[in-house]
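Q: Here is my input, please return the structure:
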Amino acid sequence: MAMKRVRRRGDFTPDLVIHQGDGHVLVVEAKARKKRARVKVGGVFVTGDKASAAEVKQAVATSTDMLERLGKKIARPGVRLRSARGIPLFSADPDRPDRLVRKLNGKTEHGVLENGVFKVVD
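A: Predicted coordinates:
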């Protein structure tokens, strides 16, 4: 038994799933479709079902909440670097620009780089 999908254009026209076999045609399913929307994104057209008013309201609430959280993160200056055990974090010494600060395994040391190797100087 072959199955064939028949689609008709227009708003709220039914999608019909028709089973054909033994010379008989039988409509199994007929349901109204939602209105379709077509949006151009760059050079591509995207087509889909139009969102209901409730779906739009939920999407607006979600995006507003997300935007507020993003704004709080962006407004805070600086970058947070997290170190793993055994991996040092280096930064410039705020009191002595010619020195570095190394944070390694919870220990903070001040020093300089000599021939690519950190040397502690206190």
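
Q: C-alpha from now on. contacts and neighbour counts both.
A: OK.

Q: And the residue positioned nearest the centre of the chain, how close does it get to residue 72?
A: A centroid search over the chain (C-alpha atoms, centre = their mean) returns residue 66, at 11.2 Å, as the residue closest to the centre. Applying C-alpha to C-alpha, to the nearest Å, the value for residue 66 to residue 72 is 10 Å.

Q: residues touching residue 83, list them.
A: By C-alpha atoms under 8 Å, 6 or more residues apart in numbering, the contact list for residue 83 reads residue 89.

Q: isn't there a strand covering residue 47?
A: Yes. Counting by DSSP: H, G, I helix; E, B strand; the rest coil, residue 47 is found in a strand.

Q: Look up the pLDDT of the closest residue to it other than its chain neighbours for me, please.
A: Leaving aside its chain neighbours, residue 47 sits nearest to residue 38 (4.4 Å; criterion: C-alpha to C-alpha, 6 or more residues apart in numbering). Looking at residue 38, its pLDDT stands at 86.

Q: what do you get for residue 11?
A: 44.
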